[in-house]
Structure formats: C-alpha cells, structure tokens
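*Asks:* I would like the atomic coordinates for the input below:
(one chain, ligands or ions: 1)
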Amino acid sequence: MRNPVFVALDVPTAEEALDLVRELAPAVGGFKIGSELFTAAGPDIVRAVRRTGAQVFLDLKFHDIPNTVARAVAAAVRLDVQMLTVHASGGLAMLQAAEEAAQQTAAQTGRNAPLVLAVTVLTSLDSAALAEVGCDDHVGRQVERLAALAVRAGLRGLVCSPLEVAGLRQMLPSHVQLVTPGIRPEGGGADDQRRTLTPRQALEAGADWLVIGRPITAAPQPRLAAEKILRSLEL
Ligand code: C5P
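*Replies:* Presented below is the predicted three-dimensional model:
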C-alpha cells in the first residue's frame, strides 16, 4: 500500500524541520512545506528534504498573473517537488498556465510532472466572509464551482476539507486526486481544527492523500504517532 500521509512541517527553522524528517521519513509518505518554513529557510530546505529521498508537497498557494504563476511552478518543478498548490480563484488562464508549466518543465528536466493542486475556498472563510470579498454564493457552491474550474483547466488534484471529500468525489472525474488536511486520529484533540475526520474515515470518503501536522509533530513520540496512524489505515 502506498503511504498516503504527508506530514505538515509547520516549524520555523530548517533544523527543526530536518529533525522531524529524519525521525519520520520511514513512517510517512512525504512532507508538506508551507509558507512559514519556506519563508524562513528558503528553497534549501526543499532540497534538503528531497535529498533524504522523501517526497515534498510545496504548499505556497500561488495566486498571481498566469505568467508569474507559470514561472513559479517551473521553479518548483526544478526543486523536484511532487505536489504544489495554486489558488483556483486565480482563474482559468492562471490554472492552465500552472498545469502547462508543470508538464513542460518536467518534460524538459526529465522528471514526472508534480501534482498541481487547486485550493478552492480557504476553510477559514464562511459565507459571510466570502460575501465581504464580493462572492455571494454559499461556501459549498463556491467550492464546487472552483473545483469544476480547476478540472476544466486540466488540473489533476485538489485540496479540500474532510467534509468536502465525499461530495467532490461524486462530482469530479475519478482520476482527480483529493488531498485533505483537518485530519485527527481517534481519541486525539482537535487543536484549532473544527470539522475533522479520522485518517481512515477520510480515505473511505475518497481522499487520496492526508495532510497531518500536530497529531504527529506535537506528539511526545512523533514516529510512534505516525506508525499508529498507519496501522489504523490497514484493513
Ligand atoms: O496540525 P494540523 O494537522 O492541523 O495541520 C494541518 C496542515 O494543513 C497545516 O499546515 C494547515 O495550514 C494546513 N491546512 C489546514 N486546513 C486547510 C488547509 C490547509 O489545516 N483548509
């Protein structure tokens, strides 16, 4: 079975990140590097994690004009990441440019194209917050609209909340891969996450990849926590 767990390296320094990577790499599918760590430690941290052989999900949520996003995606491909994110609300042309840049740069550099994942509506936004930025649609409908747009643009994956997985699975082509954060193992606390599923529930609902942070990284023994999650996924 492929290991679907990507651990969120939400730490401020390269040292802390690499300590976690060394401890966890054998027990997880890969690592997510987001804005905090990337801004602090730069592309070197991506290279360092890749040198361990671990897969990297670069979660920088690009949102800019198509040319700029295409060039950022090309740079991410040259860093040899396996997944990266763009905001679906950047529009069709931006999404198409991102996917095209991923494919072209991968072909030029002899790599597999990374999975370009669309972020739909941030889970921190509710319908009232969406209305404030000029979108009068209900959150659920806006998620579906942006998911459909991303697929129309040729993207092969989406980030979604655990509670969106089942609905999106039904409406999207089966080849589209769903990546979900907001995962909490049974019996653990929720931290600041409000609507969570267990790792197993998320896979059963149709998720392909799980992003898990604190339940592993803040555990007294992160490796044991990761291994316990993995066991919970075995049939
Ligand atoms: O520690 P925790 O498991 O909550 O970490 C989840 C990771 O997924 C964090 O990096 C967080 O920023 C990210 N994320 C999330 N909810 C979203 C999108 C991303 O928790 N809707």
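*Asks:* okay, CA-based contacts and neighbour counts for the rest of this
*Replies:* Will do.
*Asks:* After the longest helix that the chain contains, which helix or strand is next?
*Replies:* The residue-count maximum for a helix in the chain (DSSP state H) belongs to helix 92-109. Later in the chain than helix 92-109, the nearest helix or strand by DSSP states H and E is strand 115-119.
*Asks:* what are the pairing partners of the lengthiest strand in the chain, and which direction each?
*Replies:* Counting residues, the longest strand in the chain under DSSP state E turns out to be strand 55-62. Taking DSSP bridges as the criterion, strand 55-62 forms sheet pairs with strand 30-34 (parallel), strand 83-87 (parallel).
*Asks:* Out of these, which gets nearest to A106?
*Replies:* strand 83-87 (12.4 Å; CA to CA).
*Asks:* do the closest one and the ligand meet?
*Replies:* No: under the criterion of CA under 6 Å from any ligand atom, strand 83-87 makes no contact with the ligand; the nearest approach is 10.4 Å.
*Asks:* which outside residues touch that strand?
*Replies:* Residues outside strand 83-87 that contact it (CA atoms under 8 Å, 6 or more residues apart in numbering): 56-63, 73, 76, 95, 98, 114-120.
*Asks:* And it, what's buried?
*Replies:* Buried residues in strand 83-87, defined by neighbour count with 16 or more other CA atoms under 10 Å: 83-87.
*Asks:* what's the angle from the longest helix of the chain to strand 55-62?
*Replies:* Relative orientation of helix 92-109 and strand 55-62, computed by axes from the mean of the first three to the mean of the last three CA atoms, to 10 degrees: 150 degrees.
*Asks:* how about helix 92-109: buried residues?
*Replies:* Within helix 92-109, the residues scored as buried using 16+ other CA under 10 Å are 92, 94-103, 105-106.
*Asks:* Could you point out which of those residues is nearest to C160?
*Replies:* The nearest member of the buried residues of helix 92-109 to C160, counting by CA to CA, is L95 at 16.7 Å.
*Asks:* how many neighbours does the closest residue to the closest one other than its chain neighbours have?
*Replies:* Closest residue to L95 apart from its sequence neighbours, by CA to CA, 6 or more residues apart in numbering: A153 at 5.8 Å. With neighbours defined by other CA atoms under 10 Å, the count for A153 comes to 20.
*Asks:* what does I45 give?
*Replies:* 19.
*Asks:* Surely it and A14 touch.
*Replies:* Yes: taking CA atoms under 8 Å as the definition, I45 is a contact partner of A14 at 6.1 Å.
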